[in-house]
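> quick one: sequence and predicted model below, then my questions.
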Amino acid sequence: MPTLGFLTNLSKTPPNNLIVNALCKIPANICKLICTLKLFVYLCIIISLIFTKIKKMDLIKIDNKEENSAVNGRELHNFLESRQEFSKWIHSRIKDYDFKEGVDYVKVSTGFSIGRRKKEFSLSIAMAKELAMLEGNEKGKQARKYFIKVEEEFKKQHTIKPLSQLELMQESIKALIEQDKRISEQGKKIEEQDKRLISIEEKANKQEKELKPKADYYDKILDSTGLLTTGNVASEFGIKAQGLNQYLQAKGVQYKEGKSWVLKKIYLDKGLGRQITETFTNKKTGKDFSENRLKWTQKGKEFIINLKRNGIDPYNEKNNLAHQIKKIQGVNINVEVNVNTSQFGEAECKNCGTVFTKKVHNQKYCKSMCRLEFNDK
């Protein structure tokens, strides 16, 4: 039979030749598939080894391996393989062992689960270590040892290594160099400021030199010892001394004491004039007699000119032209109110043009000051 013949032939063929012949009869596609499967198995083994190594290196994930490290409570619960539900497990541990929120753990909301907000517990290393110890199984021991190791590594990383004598000297030299740089920079800034101040001072001195002759000349004129009589000043306006004296009296600048004119208190210390004692001889009797007379400085002359021509009095606001205008406006209002009660009627002032209520039949000026000013004109 053919079958027996085939078996007879196989029994006579060496084993190695049988395997080679069998492989040669397998299609090429199947060979490729077998090779691919082998590669996939090897890759899975390698990945498994890598994950095992990583798991050994980082047994439980710790966020921020620093002083304020945090362990995810749910991950710790899964690692410890506790049979109790996580929520009941964590709440019972907190209640039984008096863990404090904000000190030992922090609650964190991380979205929704089955219609409710899911809460995670971020644990301190100390609390995680204590929970692992309380679990009382092999996993708890592993976790506790792992947390102790993490703490030791953290302490090693943050332990300050004492500097050698040479290193201390190097640090001191660096600090001195930095300090010298800062001092040098500050010195440059101070020099620049000094240069600016010197420039400003030079400009100020230059301006002072330019202005000083003018100021000295002006002060020399104003403070001149050459005193002027009232008649000398009155000649500037083409009037007599008597008219000017009456004008200054009306303005409240001076008053008469006996036979002499005296400046009022507000003008005494302004350098406008001085009381000079002069000696005269009586023509009839031939006897000498003395009189105090008010004489004006150049400053006083300027004051009188400004007062009379421009209506400016720097020492008494009431004599200023603006004040006089307000006062005149006030007089007009009073006139309007009392016009019907006057028995002499109204008139227009010949000097300032103000309409006023006459107190007497022949009154031509609204007040005595206007009469004096009109006469002076």
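Happy to help now that I have it.

> what is the neighbour count of Pro314?
For Pro314, the neighbour count with other Cβ atoms under 10 Å is 11. C-betas here are computed from N, CA, C, even on glycine.

> ok but it is inside a strand, no?
No. When classified by DSSP: H, G, I helix; E, B strand; the rest coil, Pro314 is found to be coil rather than part of a strand.

> contacting residues for it?
Listed by Cβ atoms under 8 Å, 6 or more residues apart in numbering, the contact partners of Pro314 are Phe303.

> show me which helix runs longest in the chain.
helix 165-222 (DSSP state H).

> so for whichever helix or strand comes after that helix, what's the average pLDDT?
Where DSSP states H and E defines the elements, the next helix or strand beyond helix 165-222 is helix 230-234. For helix 230-234, mean pLDDT rounds to 89.

> which parts of helix 230-234 are buried?
230, 233-234 (16 or more other Cβ atoms under 10 Å).

> which residues in the stretch 201-350 of the chain form strands?
Taking DSSP state E, counting those that start in this stretch as the criterion, the stretch 201-350 of the chain carries its strands at 254-257, 260-263, 273-281, 288-296, 346-348.

> now for the third one, which elements pack on it?
Yep, that's strand 273-281 we're talking about. With contacts taken as 3 or more Cβ pairs under 8 Å, 6 or more residues apart in numbering; DSSP states H and E, strand 273-281 sits against strand 260-263, strand 288-296.

> tell me which of the strands of the stretch 201-350 of the chain sits most buried.
Most buried of those, by mean neighbour count (mean count of other Cβ atoms under 10 Å): strand 260-263, with a mean of 17.

> sheet partners, orientation included, of it?
Looking at strand 260-263 with DSSP bridges, its partner strands are strand 254-257 (antiparallel).

> what residues does the strand it pairs with touch?
245, 248-249, 261-264, 267, 294.

> which one of the residues you listed sits closest to Ser82?
Tyr267 (105.8 Å; Cβ to Cβ).

> quick check, that closest one in contact with Asn319.
No. The pair Tyr267 and Asn319 fails to qualify as a contact (Cβ atoms under 8 Å) at a distance of 10.7 Å.

> show me which of the two is the more surrounded one.
Taking other Cβ under 10 Å, Tyr267 and Asn319 do not tie; Tyr267 has more neighbours (20 against 17).

> who are the contact partners of that one?
Going by Cβ under 8 Å, 6+ apart, the list of residues near Tyr267 reads 253-254, 315.

> can you redo those residues as CSV with pLDDT?
Shown next, in CSV, are the contacts of Tyr267 (pLDDT from 0 to 100):
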residue, pLDDT
Val253, 90
Gln254, 92
Tyr315, 84
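
> with respect to Leu43, which of those residues is nearest?
Tyr315 (109.5 Å).

> gap between that closest one and Lys256?
20 Å (Cβ to Cβ, to the nearest Å).

> re the thing from before, just give me the closest of the contacts of strand 254-257 to Ile190.
Tyr267 (51.5 Å).

> what about stretch 283-290, average pLDDT?
Rounded mean pLDDT across stretch 283-290 is 81.

> what do you get for stretch 178-187?
So the average pLDDT for stretch 178-187 ends up being 86.

> begin at 695 from here
Renumbered: residue one is now 695, and that last one reads stretch 872-881.

> domain ranges for this protein?
696-751, 756-851, 917-1010, 1014-1071 (automatic domain parsing).

> compute the first-to-last residue distance for the second one.
Read that as domain 756-851. One end of domain 756-851 to the other measures 16 Å (Cα to Cα, to the nearest Å).

> same question for stretch 786-794.
End to end - Cα to Cα - stretch 786-794 spans 13 Å.

> in it, what counts as buried?
For stretch 786-794, by 16+ other Cβ under 10 Å, it's 787-788, 793.

> format those as CSV; extra columns: distance to Glu824.
Shown next, in CSV, are the buried residues of stretch 786-794 (distance: Cβ to Cβ, whole Å):
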residue, distance to Glu824
Arg787, 9
Ile788, 11
Phe793, 8
